[in-house]
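In: this one's structure only:
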């Protein structure tokens, strides 16, 4: 079978801004996008920290279209790849993914398209990219760049550590001269340094945007009557889309069912659901207005729904980084959005127990406790919480 690829766009213009207008439909660059794009097009490595909704994807998609060859994008989740491929193909970009859910025939067609130079972007999981078989497939291919999305996953100090990301450090030596760009929306100074070290990007230029999200309102309250508090918060957002985060799968199922019983449209999302159900609920949330998705942290990474108007946490997140990333999924369109976090001492005790009983090395546990304490400091500050969050990220 053949992939039904979009018609190839005209040859990329020398001026990336014209490609930005023609392909992406944007009138101009935002923030540091221009500097990042020109730096990578020139063949240099970059480490990009940009808040959710700041336009990180343009920072690697646009250089991939302006440089000869195919952009190889490392993405940690198959669902995330699927969403990103669908989004860019709607723009006429020739994109595909290579993952374990595809049939043999589908993977063979991706291989053929890659060898034939018929792809602008190829999304792949980190564990797939570093296999000798896949690296051999890439050897004769002209590569525009390597983009490592959600780069905080490489750091043990980060809130979403994935060991398979550690092997990506070998890419630079295997493909010398191919620029690498690592991107994340969430990294404190310690995590930033760890990302650069573990990915072999010590010489990469750092592009650091402000972490301030002025359109977001942060509300944090002691957990007294959580269901009553949540319902009052949701009643203030009639007909709007939002996410409610819970710590456990059981809490997700119970909360979603309870919200439906209150006359609200709510669906559950967690790793314990069948893949078909997860995909169906995610697609419904992305397509519909006025739908509440009750989820564990299994949902959200890379989700591109600009009109999420609220994010609520019924339980304490693992760190300030996790809290920032999860709340950052609201208001990506720039319009006002609200967040609510409820916390109690039982949450703190549970989080500390999870750290202490985990399999991580002692130093990682120490950092985990410090990150939890930093989150509690923001929860209990008498001052401006926004200022405390920004101070944490330096």
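Out: Right, received. Where do you want to start? Everything quoted here is computed from the prediction, not taken from an experiment.
In: any idea where the helices of the stretch 201-350 of the chain begin and end?
Out: For the stretch 201-350 of the chain, applying DSSP state H, counting those that start in this stretch gives helices covering 226-235, 249-261, 275-287, 320-327, 345-356.
In: Packed most tightly, which of those would that be?
Out: By mean neighbour count, with neighbours taken as mean count of other CB atoms under 10 Å, helix 320-327 ranks first of the helices of the stretch 201-350 of the chain at a mean of 25. In this view, the C-beta of every residue, glycine as well, is placed from N, C-alpha and C.
In: and residue 363, how many neighbours does it have?
Out: Using other CB atoms under 10 Å, residue 363 is surrounded by 10 other residues.
In: Can you give the distance from whatever helix or strand it lives in to the centre of its chain?
Out: In the assignment (DSSP states H and E), residue 363 maps to helix 362-380. Computed by CA atoms, centre = their mean, to the nearest Å, the chain-centroid distance of helix 362-380 equals 22 Å.
In: buried set for the helix or strand hosting residue 37?
Out: The secondary structure element spanning residue 37 is helix 33-41 (assigned by DSSP H and E). By 16 or more other CB atoms under 10 Å, the buried positions in helix 33-41 come out as 33, 34, 36, 37, 38, 39, 40, 41.
In: how many degrees apart are the helix holding residue 363 and helix 345-356 in direction?
Out: Orientation check (axes from the mean of the first three to the mean of the last three CA atoms, to 10 degrees): helix 362-380 against helix 345-356 gives 160 degrees.
In: all strands of the chain, in order?
Out: Under the criterion DSSP state E, the chain carries strands at the ranges 46-49, 70-74, 95-98, 121-124, 143-148, 180-184, 205-208, 216-222, 241-245, 266-269, 292-295, 308-313, 337-343.
In: which strands and helices sit next to the second one?
Out: Packing contacts for strand 70-74, counted by 3 or more CB pairs under 8 Å, 6 or more residues apart in numbering; DSSP states H and E, involve helix 58-66, strand 121-124, helix 126-129, strand 143-148.
In: And those: which comes nearest residue 107?
Out: Of all the helices and strands packed on strand 70-74, helix 126-129 sits nearest to residue 107, with 10.2 Å by CB to CB.
In: Could you name the helices and strands sitting against that closest one?
Out: Against helix 126-129 (3+ CB pairs under 8 Å, 6+ apart) you get strand 70-74.
In: Report the contact partners of the closest residue to residue 347 other than its chain neighbours.
Out: Spatially, and ignoring its direct neighbours in sequence, residue 347 is nearest to residue 316 (3.7 Å; CB to CB, 6 or more residues apart in numbering). In this structure, residue 316 makes contact with 247, 341, 343, 344, 347, 348, 350, 351, 375, 379, judged by CB atoms under 8 Å, 6 or more residues apart in numbering.
In: how far away is residue 316 from residue 371?
Out: When distance is defined by CB to CB, to the nearest Å, residue 316 is 12 Å away from residue 371.
In: Quick check: of the buried residues of helix 33-41, which lies closest to residue 172?
Out: Proximity of the buried residues of helix 33-41 to residue 172 (CB to CB) peaks at residue 40, which lies at 14.3 Å.
In: coming back round to it: make a markdown table out of the contacts of residue 316 and add pLDDT.
Out: Output for the contacts of residue 316, formatted as a markdown table (pLDDT from 0 to 100):
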| residue | pLDDT |
| --- | --- |
| 247 | 91 |
| 341 | 96 |
| 343 | 92 |
| 344 | 90 |
| 347 | 89 |
| 348 | 89 |
| 350 | 90 |
| 351 | 90 |
| 375 | 89 |
| 379 | 89 |
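In: possible to save these as a markdown table with distance to residue 45?
Out: Putting the contacts of residue 316 into a markdown table (distance: CB to CB, whole Å) gives the following:
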| residue | distance to residue 45 |
| --- | --- |
| 247 | 37 |
| 341 | 36 |
| 343 | 39 |
| 344 | 44 |
| 347 | 40 |
| 348 | 40 |
| 350 | 40 |
| 351 | 36 |
| 375 | 32 |
| 379 | 37 |
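In: what helices or strands is the helix holding residue 37 leaning on?
Out: Using 3+ CB pairs under 8 Å, 6+ apart: helix 33-41 touches helix 16-19, strand 46-49, helix 58-66, strand 205-208.
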